[in-house]
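Asker: A structural model of the following input is requested.
(one chain, ligands or ions: 2)
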Amino acid sequence: METPAAVIVAIDGPSGTGKSSTSKAVAAQLGLSYLDTGAQYRAITWWMVNNGIDLTDPTAIAAVAGKADIVSGTDPAAPTITVDGTDVAGPIRTTEVTSKVSAVSAVPEVRARITDLQRSIAKGAEVGIVVEGRDIGTTVLPDADLKIFLTASPEARAARRSGEVKGSDVKATQEALVARDKADSSRKTSPLAKAGDAVEVDTTELTLQQVIECVVTLVEEKRAAK
Ligand SMILES: Nc1ncnc2c1ncn2[C@@H]1O[C@H](COP(=O)(O)OP(=O)(O)O)[C@@H](O)[C@H]1O
Ligand SMILES: Nc1ccn([C@H]2C[C@H](O)[C@@H](COP(=O)(O)OP(=O)(O)O)O2)c(=O)n1
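Answerer: Ligands and ions are numbered 1, 2, ... in the order given. Next up, the predicted model:
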């Protein structure tokens, strides 16, 4: 029997819309690999913070864009991320990294480097892969078999995000999240945007389970048509 072609799924959208939870669950359910591209941008930002790079200076960022060795593990049941062999899954989620990641990821040299990495990971996924981020459907994998763009109201997204951190302030969380989306959507190089051929899913009133089921159905339809 002929080996079925790998299925490539791109899931984009702003912070807190459910990209990571949905992508992991869909990949696990369908036996696909999973790539969190936000974790890669966070990892390179973590390296720059750790190495004292001036993050207000895009030239300084560009000069060291190729220095960190970033490796992503793509098992949806246990995704991993290392920088120069160090596990950074925890440190890349600090408020400091979150507040600086948009400045680093706006630099074209950083995006070129990370985009290459993402394409080679997707190419190596034998059964297929779910890749989540901001520019996957528009720039990284424009020929993906299925493109999803998740949205949700800023209130719902902030409530979800602050639900993850004990004692966090929903208003401050919402302000930080809206500011980051604005920066990510307005940068010159491959901004956060919905691809023309992406299916938009507003998750504000949906449970995570409903979103997962919706995406699984869409992937299965694409697979059947291949
Ligand atoms: N449809 C949903 N309804 C309620 N909570 C959700 C939904 N989707 C995701 N969440 C929760 O919201 C938080 C952020 O989800 P996440 O998948 O990390 O979003 P993103 O990757 O888009 O930033 C997580 O705690 C997740 O469990
Ligand atoms: N494909 C991508 C993925 C993330 N980024 C940047 C922009 C985002 O603010 C940061 C962090 O992304 P991440 O998905 O970890 O953010 P959230 O977990 O949704 O808050 O990385 C990007 O520029 N392009």
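Asker: Shouldn't residue 81 be within a strand?
Answerer: Yes: Residue 81 sits within a strand when classified using DSSP: H, G, I helix; E, B strand; the rest coil.
Asker: quick one: secondary structure of the nearest residue to it once chain neighbours are set aside?
Answerer: Nearest residue to residue 81, sequence neighbours excluded (C-beta to C-beta, 6 or more residues apart in numbering): residue 39, at 4.7 Å. Just so you know, the C-beta spots here come from the backbone N, C-alpha and C atoms, and that holds for glycine as well. Classification of residue 39 by three-state DSSP places it in helix.
Asker: Then residue 26?
Answerer: Residue 26 - assigned by three-state DSSP - is helix.
Asker: Spit out the contact partners of it.
Answerer: Residues in contact with residue 26 (C-beta atoms under 8 Å, 6 or more residues apart in numbering) are 9, 32, 130, 212, 215, 216, 219.
Asker: so the third one bridges to which residues?
Answerer: Residues found in beta-bridge contact with residue 130 (criterion: DSSP bridges) are residue 9, residue 34.
Asker: Residue numbering should commence at 7 henceforth.
Answerer: Sure thing, new numbering starts at 7, so read that last one as residue 136.
Asker: is the least confident helix or strand in the chain by mean pLDDT up against ligand 2 anywhere?
Answerer: One helix or strand of the chain scores below all others by mean pLDDT, DSSP states H and E: helix 160-170, with a mean of 90. No: counting by C-beta under 6 Å from any ligand atom, ligand 2 has no neighbours in helix 160-170; the shortest distance is 7.2 Å.
Asker: and that helix, which residues are buried?
Answerer: Buried residues in helix 160-170, defined by neighbour count with 16 or more other C-beta atoms under 10 Å: 160, 162, 163, 164, 166, 167, 168.
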